[in-house]
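> predicted structure and sequence below. I'll ask about it afterward.
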Amino acid sequence: NVGDNVGDVAGMGADLYESYYGSILATIALGAAAAFAMSLDTAEQTTKLAFALAVAPLALAGVGIFCSIAGIFTVKAEENASFAKLLKGLHKGVYVASFLVAIAAFIVLWALFGRDESTKAALGAIGTSWWKLGLSILTGLLAGNIIAYATEYYTSYEHRPTQRIAEQALTGPATVIIAGIAEGMKSTWASLLVVVIAIIAAFAFAGGSESFLMGLYGVGIAAVGMLSTLGITLATDAYGPIADNAGGNAEMTG
């Protein structure tokens, strides 16, 4: 069980920590660079816009923590529930957290960009606005949930891909290996397509056609949005080792 704790909790947490904070820092840097590249009328306007663009990913990550906590409280399961029902309960928590993040994101963006006229004008000059930046975040959230569903579809024994691989065992181990490789290759198309569409959409919503740096900022904040529900996602991964430890303790007590 020590190995499970190290691999599934500490290792996974460290890996996701790097991805999450890497995306936040990259988005902050892109936001500051985009603001100073716009050549606004006054230095004060530039500073205001740069500050708002830098704070947005940090605020989004912050509200994501609280939304993930709220989503965790919606996860419920019945006694003797089937595997499919247990997964449905976990999915409910993730979907609730994503929905709350989507609402909170628009509130945060309005507070940062929608109340100040100079900031609104600066974004309007490149064909974007605070609510379009919200659409970039929403794009990331949707992409994350679709990728999660596609991953589950190709790996869960509740669905046909793994069932087809299992059926090949009637012929022999060689056909199982071949079928597994084939399904693995096919499984990548959905995630790849979703990532490409999400990048293009987030780039366009953020005004990428007028300002390349703002387009990149849109992609970055979409990535932060995708990872904003990381709290509940990591919690669902960490419950496995915890349950294993509980089972091990029960066995040792006789």
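Perfect, I can see it now.

> from here on, just use CA atoms for contacts and neighbour counts.
Fine.

> what is the burial count for residue 106?
Residues within reach of residue 106, counting by other C-alpha atoms under 10 Å, total 21.

> so it touches residue 131, yeah?
Yes. Residue 106 is within contact range of residue 131, at 6.5 Å (criterion: C-alpha atoms under 8 Å).

> pull out the buried residues from the helix or strand in which residue 118 is found.
Residue 118 is part of helix 117-125 when elements are defined by DSSP states H and E. Judged by neighbour count using 16 or more other C-alpha atoms under 10 Å, the buried positions of helix 117-125 are 118-123.

> what does stretch 75-87 give?
residue 75.

> tell me how far residue 211 lies from residue 85.
Counting by C-alpha to C-alpha, to the nearest Å, the separation of residue 211 from residue 85 is 47 Å.

> let me fix that, I meant to ask about residue 50.
46 Å.

> ok, residue 149 next?
Relative to residue 85, and taking C-alpha to C-alpha, residue 149 is found at 15 Å.

> before we move on, what about residue 60?
For residue 60 relative to residue 85 (C-alpha to C-alpha), the value is 31 Å.

> do residue 118 as well
From residue 118 to residue 85 the distance is 51 Å (C-alpha to C-alpha).

> next one: residue 5
Distance from residue 5 to residue 85, by C-alpha to C-alpha: 25 Å.

> same check on residue 147?
For residue 147 relative to residue 85 (C-alpha to C-alpha), the value is 20 Å.

> where does the stretch 151-254 of the chain have low pLDDT?
Applying pLDDT under 70 to the stretch 151-254 of the chain picks out residues 254.
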